[in-house]
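Undergrad: requesting a structural model of the entry that follows:
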Amino acid sequence: MGVVDIDRVARCLRAATGEHFVRDELATLVSEAIGPWVPHDALRLFGMNPVTGAVSYGFLHGISPDLIQAQLFDSYLRDDPFSPADVGRLRTPVGLLGGHDRETPGHVRARQTLAAHGAGCEARLLLRDGQGFWGLLALLRGAGCRNFDRDDADRLAGIAPLLVDLLRTYATGQPWGDGEPLPPGVVIVGPDHRVRSLTPEARAWMQAIDPVRGRAPEWMPAVSMLEVSLAARRHAVDPGAPRPVSVSPAAFLGRRVSVHAQPLDEYGEGDVAVVFHEATGTLVLPTFAAWHGLTARERQVLQFLYSGEAPKQIARGLDLSLHTVNTYVRAVFRKSGVSGRDELLAVLDGPGRAAGDQA
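TA: Have a look, this model is predicted:
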């Protein structure tokens, strides 16, 4: 395959930026775009919160949700050889599973999991840039097919920036979704990772983000609840693991959703409380800044703007000239795709906030 192939992949992926996708359409598009570049039989594309590293949204093409759940158990409860952190330490951020793997317990278990669901090998590409981890692309080939090799890994690494741009555009494409803001809701998940009880507010959340509304994939509720339950339990015993906090973009669920989970016992062996919030204001500021590629100084300015500070007050607070602060303010507006502060606040806090409330 030559230069024409990668150019075709680039055109297909760039043409998709800014498009609206529902259910698993984005995974199907990516699979069709990169298929001639790296042949595969199935694909999953997961978007991460670049601030926390937690999975925030995802899409499948040709993969059974049962396989995803089995791999989640491998990842959180066993020795997954290709977690995002493991892949990130490789020379090329691609983990290859199948063929001449080392006979570690993790490799053996991961291959058994693939085989149990009809897959023979897997290639996992970590999607990252200077802002952090954006997501993970995994390609699968069926049992008996040629294993992924280092040439495949290099090809995947070459399209990583295109996929990061696609996920960034997806995450920032819709500043707000539909429906009125909802109060926080709490779901209690038992040790078996099944929902035991939920508050009336949480029931409203479940209805608002239900896949029957036509946005999220049908497999999303069960897989997401398992993911956040496992993440909370792992973080309880390993504080270095990603925090069980995620922010899903409005394009995925029709509204920006912040999810935080916490075990109700010291060792994460009992119930887990999962709290759903509207991802607005201070809850969304760090993720919003990462999604839009704000620099460290621009993030400081964003926080001041959200707090209602005028440029002169920001200049005093940061010990900068007014001219420099105005330059940063314009950069925040430009990168956020807004025309001014009122519009920025509306994007951060949603339609429930009146313009100029914090002027």
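Undergrad: where exactly do the strands run in the stretch 201-350 of the chain?
TA: For the stretch 201-350 of the chain, the strands defined by DSSP state E, counting those that start in this stretch cover 245-248, 257-263, 272-278.
Undergrad: other SSEs contacting the last one?
TA: Helices and strands in packing contact with strand 272-278 are listed as strand 185-189, helix 220-237, strand 257-263; criterion 3 or more C-beta pairs under 8 Å, 6 or more residues apart in numbering; DSSP states H and E. C-beta: built from backbone N, CA, C; applies to glycine.
Undergrad: L126 is nearest to which of those?
TA: Closest approach to L126 among the helices and strands packed on strand 272-278 is made by helix 220-237 (17.3 Å; C-beta to C-beta).
Undergrad: what does that closest one contact?
TA: 54-55, 58, 65, 68-69, 72-73, 75-77, 187, 189, 193-195, 206, 209-211, 241-244, 246, 259, 261-263, 266-269, 272, 274 (C-beta atoms under 8 Å, 6 or more residues apart in numbering).
Undergrad: wasn't L140 part of a helix?
TA: No. The assignment for L140, made by DSSP: H, G, I helix; E, B strand; the rest coil, is strand rather than a helix.
Undergrad: partners of it in the sheet?
TA: Using DSSP bridges, the bridge partners assigned to L140 are A42, E122.
Undergrad: so, low pLDDT: which residues of the stretch 201-350 of the chain?
TA: Applying pLDDT under 70 to the stretch 201-350 of the chain flags residues 350.
Undergrad: repeat that with 80
TA: Low-confidence segments of the stretch 201-350 of the chain, defined by pLDDT under 80, are located at 214, 350.
Undergrad: contacting residues around R109?
TA: By C-beta under 8 Å, 6+ apart, the contact list for R109 reads D74, R78, D79.
Undergrad: oh sorry, the question was meant for R168
TA: Taking C-beta under 8 Å, 6+ apart, we find R168 in contact with W134, W291, G293.
Undergrad: which of these fall within helices?
TA: Using DSSP state H, the members of the contacts of R168 that fall in helices are W291.
Undergrad: that older thread, of the contacts of helix 220-237, buried ones?
TA: Among those, those buried by neighbour count (16 or more other C-beta atoms under 10 Å) are 54-55, 58, 65, 68-69, 72, 75-76, 187, 189, 193, 195, 209-210, 241-244, 246, 259, 261, 263, 268, 272, 274.
Undergrad: and the residue of the chain most remote from its centre, its phi and psi?
TA: Most distant from the centre of the chain: S321, at 37.0 Å, with distances by C-alpha atoms, centre = their mean. The phi/psi pair for S321 (degrees, to the nearest 10) reads phi -70, psi 160.
Undergrad: how about the contacts made by it?
TA: If a contact means C-beta under 8 Å, 6+ apart, then S321 has A315 as its contacts.
Undergrad: quick one, helices of this structure?
TA: Going by DSSP H, the chain shows helices at 3-16, 25-34, 65-77, 84-88, 105-116, 150-172, 200-208, 220-237, 250-253, 285-291, 296-307, 311-318, 322-336, 341-349.
Undergrad: can I get these in CSV with distance to R124?
TA: Formatted as CSV, the helices of the chain follow (distance: least, C-beta to C-beta, whole Å):
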stretch, distance to R124
helix 3-16, 18
helix 25-34, 14
helix 65-77, 10
helix 84-88, 6
helix 105-116, 10
helix 150-172, 9
helix 200-208, 31
helix 220-237, 16
helix 250-253, 21
helix 285-291, 22
helix 296-307, 30
helix 311-318, 41
helix 322-336, 30
helix 341-349, 33
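Undergrad: tell me the contacts of the nearest residue to S336 once chain neighbours are set aside?
TA: Nearest residue to S336 in three dimensions, chain neighbours excluded: H292, at 5.3 Å (C-beta to C-beta, 6 or more residues apart in numbering). Applying C-beta under 8 Å, 6+ apart to H292 gives the contacts T172, K335, S336, G337.
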